[in-house]
Every structure is written in C-alpha cells, then in structure tokens.
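K.L.:
dropping the sequence and predicted coords here.
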Amino acid sequence: MADWYAVVALFRHPLGLPILHSAMIPRNKDRIGESLANFVQENFFTPENIVWKLKEQDMAKALAEWLAGPANSAQLAEGVGRAIPGMLNALEDEDVRSLFDRVLTRSCSS
C-alpha cells in the first residue's frame, strides 16, 4: 500500500483527497522540465561532448557505405538529376558561363 500511495501521490491526489505534498509532478511540471533541460544541456550537449561525438563518427565512411547500395546511389542520382534543371533555370546565363569558365579553366590547367 505504501508503494502504491507513494507513486500515486507523485502524480495526483490519492483517493481524490487534496493531501499536502501530493500531485507534485503536475504542479511542478514546468520547473521539472526546465531543470531537466538545463541538466541535459549542461552535461550532454556541451561543445566538448558534441565535438567528441562528431569525431567518433566517420561520416565519410558512413556516406560511402550508404552510397555503395545500388538503390541508394540511384535514388541520390535521380534526385540530383531532377534538381539540376531548376537550379540552372534560376541562374542567369552569364553566371552559368562564368562558373563553367572558372571550373573548366582550373581543371584544364591542373
């Protein structure tokens, strides 16, 4: 009974009685949520932890493995192929000419 009362008292008034120190979670949910968010931010989402986690991941390898799947590479190629005409239409002809001149000049001189 004591365990039932303790758990119930955290979330609501047991037996509907407004007993002191009951229904603490609903009354304090905003404060509890803010404290929990601060705890997570200060202990898990620190710049050091994020940098460490990113270094731990080999994103290039993961992308290469994903692209090695024929269905994935076909899906990406199809998406890029659909996007290119719209991107080219959005550019002015002179901008496209200038881009090709820079890219081709650089690749030919290498």
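P.N.:
Thanks, I have it. Residues are numbered from 1 along each chain as shown.
K.L.:
would you mind measuring from Trp37 to Leu10?
P.N.:
Slight slip there: residue 37 is Ala, not Trp. Separation of Ala37 from Leu10 (C-beta to C-beta, to the nearest Å) stands at 20 Å. All C-beta atoms are positioned from the backbone trio N, CA, C, and that covers glycine.
K.L.:
swap that for Gln41, please
P.N.:
For Gln41, the distance to Leu10 equals 25 Å [C-beta to C-beta].
K.L.:
what of Ala90?
P.N.:
Remark: distance between Ala90 and Leu10 (C-beta to C-beta) = 57 Å.
K.L.:
which one's more surrounded, these two?
P.N.:
It is Leu10, of Ala90 and Leu10, that has more neighbours when counted by other C-beta atoms under 10 Å, with 13 against 8.
K.L.:
so that one is in which element?
P.N.:
Element membership for Leu10, per DSSP states H and E: helix 2-11.
K.L.:
just the C-alpha atoms of that helix, please, in CSV.
P.N.:
Presented in CSV, the C-alpha positions along helix 2-11 are these (Å, rounded to 0.1, in the frame of the first residue of the first chain):
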residue,chain,number,x,y,z
ALA,A,2,2.8,2.4,0.8
ASP,A,3,4.4,1.9,-2.6
TRP,A,4,1.1,2.5,-4.3
TYR,A,5,0.4,5.6,-2.3
ALA,A,6,3.9,7.0,-3.0
VAL,A,7,3.7,6.5,-6.7
VAL,A,8,0.1,7.8,-6.9
ALA,A,9,0.9,10.8,-4.7
LEU,A,10,3.6,12.0,-7.1
PHE,A,11,1.1,12.3,-10.0
